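Engineer: Dropping the sequence and predicted coords here.
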Amino acid sequence: MLVSVDDVVSSAIDAASHELRKLSLTIHDNPELALKEVHACKVLTDYLSSKGFSVEHNVAGLDTAFVASYQSPAGSDGLHIGFCSEYDALPGVGHACGHNLIAICGVAMFLAISSVLEKCQIPGTVKLFGTPAEEAIGGKITMQKAGVFDGSDLLMMLHPTPGYSGSWHSQCCLSMEVEYFGKASHAAMAPWDGINAGTAANVAMMTMNAMREQLKPDWRTHGIVTTGGKAANVIPDYAKIEYTVRTSWAEELAVLEQRALNVFAAAALATGCTYKVTKEFAYLDNQDNPVLGKMYEDIMHDRLGVPPARAQGGSTDFGNLSQSFISLHGNFDLVGTGVPNHTVEFTEGARTEKAHENALFAAKTSARVAARCLVDGEFWERVKGAHKERKSAPSAREFYEKLSA
């Protein structure tokens, strides 16, 4: 009897829906910050182990990273497909980016393709990469540097947003820590003897704000003062700001970075402080494979009847993977209200039954795309052809602008 891979995908995910809902809720209700996702990592790996999958813990020196694997009984000579789960939360607002849903989407797609490999006797391997700290240091970048993703033919993940897309071009993102060092003094008795590090931080923040008038429409700069002093009557001898700059393309990130560095240096010069800049992490722009993205968007459009969302902002460490691997970062609509990520309302929406339904439909859709790569040789050749064309283009920007023209 012929077996439809689409039916196998849907059946596998439907069968796990109740268990996935429980995983989603326990992760949502116990939010953990980057690199501290102990509960989330445990419940996910315990679940995968209970299903008989091989699970590697403490991957790439990250305590909350893991890799689950399944090899087809027909052998491993076929494609090596990988899915990514995220599960870190945000300070103060919990799962305002819906990583509880991203976590179960990764599990759902992994279960679906494992089932396809088994029931259809297709050679190949599927892995689920548990990737911590997307909201902070970029766990995928650490794992990529350690070679964790090496050998993957295709990498995929899903993310809730206001709207769906299979062609999300994210922003490049560089985060920096800027420290200013001054000299303490009594703010009333001898302020002239002090060197105000807090003023240096303020000058840097105000100058960055003033610079926005001359920035390109798709560039972003944003930061906070994390340390500005300890008492109003003491000239602060130390101040620190956390600052992030974003551009649409990698070649522009270096330009905006230098402008920011000039500002930070000028603030130190103006106030007599010394300073230090530490670059914390850099996310590159996500570049979805257009063949994979079109199939994903076509299926989503057939269900929803509305066009995909374009020009969504934000950054992801998955973008770094997309620079090297054939990949798809599918976005799906959270609950249809248009509420943006990183808000309290998004946190609340990420716990709803509607969000769960939307997440699992997106997982079925993405898994169907992956399954087609396994069974349709002509489709896979087109996927590889698009990847090769992008890599050989004068620039990624030119390649994607040509696609959208």
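Structural biologist: Structure's in. What do you need?
Engineer: give the contact list for the closest residue in space to Ala187 that isn't next to it in sequence.
Structural biologist: Leaving aside its sequence neighbours, Ala187 sits nearest to Asn233 (CB to CB, 6 or more residues apart in numbering; 4.7 Å). (C-beta placed from N, C-alpha, C; glycine too.) Contact partners of Asn233, counting by CB atoms under 8 Å, 6 or more residues apart in numbering, are 186-188.
Engineer: wait, which of these is closest to Leu128?
Structural biologist: Nearest to Leu128 among the contacts of Asn233 is Ala187, at 55.9 Å by CB to CB.
Engineer: May I ask you to confirm that that closest one is in contact with Asp193?
Structural biologist: No. In terms of CB atoms under 8 Å, Ala187 does not count as a neighbour of Asp193; the distance is 10.5 Å.
Engineer: quick one, which of the two is more surrounded?
Structural biologist: For Ala187 versus Asp193, the count of surrounding residues by other CB atoms under 10 Å is larger for Ala187: 16 against 11.
Engineer: Now the more buried one: phi and psi?
Structural biologist: Per-residue torsions, Ala187: phi -70, psi -20 (degrees, to the nearest 10).
Engineer: hang on, the earlier thing: in a markdown table: the contacts of Asn233, plus pLDDT.
Structural biologist: Supplementary listing: these in a markdown table, determined by pLDDT from 0 to 100:
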| residue | pLDDT |
| --- | --- |
| His186 | 97 |
| Ala187 | 97 |
| Ala188 | 97 |
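Engineer: which residues of the stretch 251-400 of the chain fall in helices?
Structural biologist: Per DSSP state H, counting those that start in this stretch, the stretch 251-400 of the chain carries helices over the ranges 290-304, 318-322, 344-349, 353-375, 377-392, 396-404.
Engineer: Any chance of JSON lines for the contacts of Asn233, columns distance to Ile13?
Structural biologist: Formatted as JSON lines, the entries for the contacts of Asn233 read as follows, by distance: CB to CB, whole Å:
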{"residue": "His186", "distance to Ile13": "66"}
{"residue": "Ala187", "distance to Ile13": "63"}
{"residue": "Ala188", "distance to Ile13": "67"}
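Engineer: Closest one of those to Val245?
Structural biologist: Proximity of these to Val245 was ranked by CB to CB; the top entry is Ala187 with 32.7 Å.
Engineer: where's the closest one relative to Ala270, distance?
Structural biologist: For Ala187, the distance to Ala270 equals 19 Å [CB to CB, to the nearest Å].
Engineer: Likewise for Glu19?
Structural biologist: Summarising the geometry, the distance separating Glu19 from Ala270, computed by CB to CB, is 59 Å.
Engineer: do the same with Gln214
Structural biologist: Counting by CB to CB, the gap from Gln214 to Ala270 is 19 Å.
Engineer: Please work out how many residues are found near the closest residue to Ser49 other than its chain neighbours.
Structural biologist: What sits nearest to Ser49 in space, not counting adjacent residues and going by CB to CB, 6+ apart, is Val55, at 5.3 Å. By other CB under 10 Å, 18 other residues sit near Val55.
Engineer: nearest spatial neighbour of the residue minimising distance to the centre of the chain, skipping sequence neighbours?
Structural biologist: For the chain, Thr316 is the residue whose C-alpha lies nearest the centre (CA atoms, centre = their mean; 3.2 Å). If the residues on either side of it in the chain are set aside, Thr316 comes closest to Ser170, at 5.3 Å by CB to CB, 6+ apart.
Engineer: Just to be sure, the one you found is in a strand?
Structural biologist: No. For Ser170, which was evaluated using DSSP: H, G, I helix; E, B strand; the rest coil, the result is coil, with no strand membership.
Engineer: doesn't Leu321 make contact with it?
Structural biologist: No. Taking CB under 8 Å as the contact criterion, Ser170 and Leu321 are not neighbours in contact, 11.8 Å apart.
Engineer: and stretch 23-30, which residues are buried?
Structural biologist: Judged by neighbour count using 16 or more other CB atoms under 10 Å, the buried positions of stretch 23-30 are 23-24, 27-28, 30.
Engineer: Quick one: low-confidence residue ranges for the stretch 301-405 of the chain.
Structural biologist: Within the stretch 301-405 of the chain, the segments meeting pLDDT under 70 span 311-312, 405.
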